[in-house]
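Trainee: Please find the sequence and the predicted model below.
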Amino acid sequence: MQLSIHAGSYRRGACLLARICVMKTPQESPAIALRQITKAFGAVAAVKGVDLSINPGETVALLGPNGAGKTTTLDIALGLIHPDQGEVELFGMPPARAIGNGLIGGMLQTGTPLNYLRVRELIELMASFYPNPASVDEALKRTGCDQFQRQLTTGLSGGQAQRVRFAAALVGDPELLVLDEPTAAIDVEGRREFWRAMRELVEDRKTVVFATHYLEEADAYADRVVLMANGRIVADGTPGQIKARVGSRTIRATLPDVELSDLLGFDGVVNVERHGPSIILTCSDSDRTLYQLLE
Ligand SMILES: Nc1ncnc2c1ncn2[C@@H]1O[C@H](COP(=O)(O)OP(=O)(O)OP(=O)(O)O)[C@@H](O)[C@H]1O
């Protein structure tokens, strides 16, 4: 968890250590279940009725522009902020319980690693908070932190601090990893290493949810993309479906005697809707669709 690399983490860690009986993942429950979540900050409605269910083993990208509501949604999922309305469950339990059971790892945008520790010491400390941690050496290696493990956390570059956050999230060997713009501030080589480590996690059948601004990142590394805009989920599908949608154009036509299902069979048509006398075609290749319509 993000909190675990702040000063308050000692307390949280002590609580975790006190839990001798550890419950592991009930695989039949969704890893994340958000039901009709809303959240406003004063006059700003950040999240407006989000329903989202993510199954164990899925790798999901939360894609959207600045201010879409991604961070707020992830913070709510992790129980870091409370929604104004709606329900949240992680593996069928409240977020705090899932976190207490060592099921969740988080890498969020804010927060700095604890001061006056060496990188390795910090990751060892983090590992001690979890019931069944991964190997510290492995977490350091997977994230590239082994190269600067003796360095004090006070002297890290932005990219190094980001890698340390990733190692801190991994070392608990959580079932669900929540990553908010994980590659921000990481250089090209670091990004490559990051996604390599992510692939290994996916092979381990972990559930991974990451927020990103980049369709290319979502396309390359997620098997499902949830597109957010203005506090709502506006599309949810495979990367291919979302790419078609994001890159789409619409054609409005007046076609009184045509069946919608026939139009769906046209080249490049992604969706068809009737609006009164008009039909709206959403197209991945509007030129081809137009050509067929004219024929
Ligand atoms: N603590 C806060 N106080 C006031 N407004 C906030 C707060 N947190 C978020 N917001 C507002 O809520 C909206 C959604 O913000 P959020 O950070 O969730 O979006 P985002 O998709 O993660 O954006 P980014 O990609 O820039 O991180 C924005 O308009 C933002 O300004």
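Mentor: Good, I have the coordinates. Values in this document were obtained by computation on a predicted structure and should not be read as measured data.

Trainee: Only C-alpha atoms from now on, for both contacts and neighbour counts.
Mentor: Noted.

Trainee: Centroid-nearest residue for this protein?
Mentor: In the chain, the centroid-proximal residue (C-alpha atoms, centre = their mean) is residue 210; its distance is 2.3 Å.

Trainee: which neighbours does the helix or strand hosting residue 39 have in its sheet, and in what orientation?
Mentor: Take DSSP states H and E as the rule and residue 39 turns out to sit in strand 32-41. Using DSSP bridges, the strands paired with strand 32-41 are strand 44-54 (antiparallel), strand 85-90 (antiparallel).

Trainee: residue ranges of the helices in the stretch 151-295 of the chain, please?
Mentor: Counting by DSSP state H, counting those that start in this stretch, the stretch 151-295 of the chain has helices at residues 158-170, 188-203, 215-221, 239-246, 260-264, 286-294.

Trainee: Now tabulate the ones you listed in a markdown table and tack on mean neighbour count and distance to the ligand.
Mentor: Putting the helices of the stretch 151-295 of the chain into a markdown table (neighbours: other C-alpha atoms under 10 Å; distance: least, C-alpha to the nearest ligand atom, whole Å) gives the following:
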| stretch | mean neighbour count | distance to the ligand |
| --- | --- | --- |
| helix 158-170 | 25 | 15 |
| helix 188-203 | 15 | 18 |
| helix 215-221 | 17 | 13 |
| helix 239-246 | 17 | 17 |
| helix 260-264 | 14 | 32 |
| helix 286-294 | 14 | 29 |
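
Trainee: For those helices, could you give me TSV that also reports distance to residue 121 and mean pLDDT?
Mentor: Formatted as TSV, the helices of the stretch 151-295 of the chain follow (distance: least, C-alpha to C-alpha, whole Å; pLDDT from 0 to 100):
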stretch	distance to residue 121	mean pLDDT
helix 158-170	11	88
helix 188-203	21	77
helix 215-221	31	84
helix 239-246	39	80
helix 260-264	59	83
helix 286-294	57	82
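
Trainee: The strand holding residue 39 and the ligand, any residue contact?
Mentor: Yes: Strand 32-41 reaches the ligand (C-alpha under 6 Å from any ligand atom) through residue 41.

Trainee: Show me which parts of that strand are buried, residue by residue.
Mentor: 32-39 (16 or more other C-alpha atoms under 10 Å).

Trainee: where do the helices sit along the stretch 1-150 of the chain?
Mentor: 9-18, 70-77, 95-100, 119-128, 136-142.

Trainee: Between the buried residues of strand 32-41, which sits nearest residue 271?
Mentor: For these, the closest approach to residue 271 (C-alpha to C-alpha) belongs to residue 36, at 25.6 Å.

Trainee: ok, the residue lying closest to the closest one once chain neighbours are set aside - contacts?
Mentor: The shortest distance from residue 36 to any non-neighbouring residue, by C-alpha to C-alpha, 6 or more residues apart in numbering, is to residue 49 (4.4 Å). By C-alpha atoms under 8 Å, 6 or more residues apart in numbering, the contact set of residue 49 is 35-38, 86, 231-232.

Trainee: May I see these arranged in TSV, with pLDDT as well?
Mentor: Output for those, formatted as TSV (pLDDT from 0 to 100):
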residue	pLDDT
35	97
36	96
37	97
38	97
86	97
231	94
232	93
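
Trainee: List just the nearest of those residues to the ligand.
Mentor: For those, the residue nearest the ligand by C-alpha to the nearest ligand atom is residue 231; the value is 6.7 Å.

Trainee: Was I right to think residue 211 contacts residue 179?
Mentor: Yes: contact criterion C-alpha atoms under 8 Å: residue 211 and residue 179 qualify, at 6.4 Å.

Trainee: touching the ligand at all, stretch 99-117?
Mentor: No: against the ligand, stretch 99-117 shows no contacts by C-alpha under 6 Å from any ligand atom, the least distance being 8.0 Å.

Trainee: what is the mean pLDDT for that stretch?
Mentor: For stretch 99-117, mean pLDDT rounds to 81.

Trainee: if we can go back for a sec, for residue 168, which of the helices of the stretch 1-150 of the chain is the nearest?
Mentor: Here helix 119-128 is closest among the helices of the stretch 1-150 of the chain (C-alpha to C-alpha), at 5.7 Å.

Trainee: got the angle for the closest one vs helix 158-170?
Mentor: Between helix 119-128 and helix 158-170, the angle comes out at 30 degrees (axes from the mean of the first three to the mean of the last three C-alpha atoms, to 10 degrees).

Trainee: Dump the helices of the stretch 1-150 of the chain to CSV, plus mean neighbour count.
Mentor: Converted to CSV, the helices of the stretch 1-150 of the chain look like this (neighbours: other C-alpha atoms under 10 Å):
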stretch, mean neighbour count
helix 9-18, 15
helix 70-77, 23
helix 95-100, 20
helix 119-128, 22
helix 136-142, 20
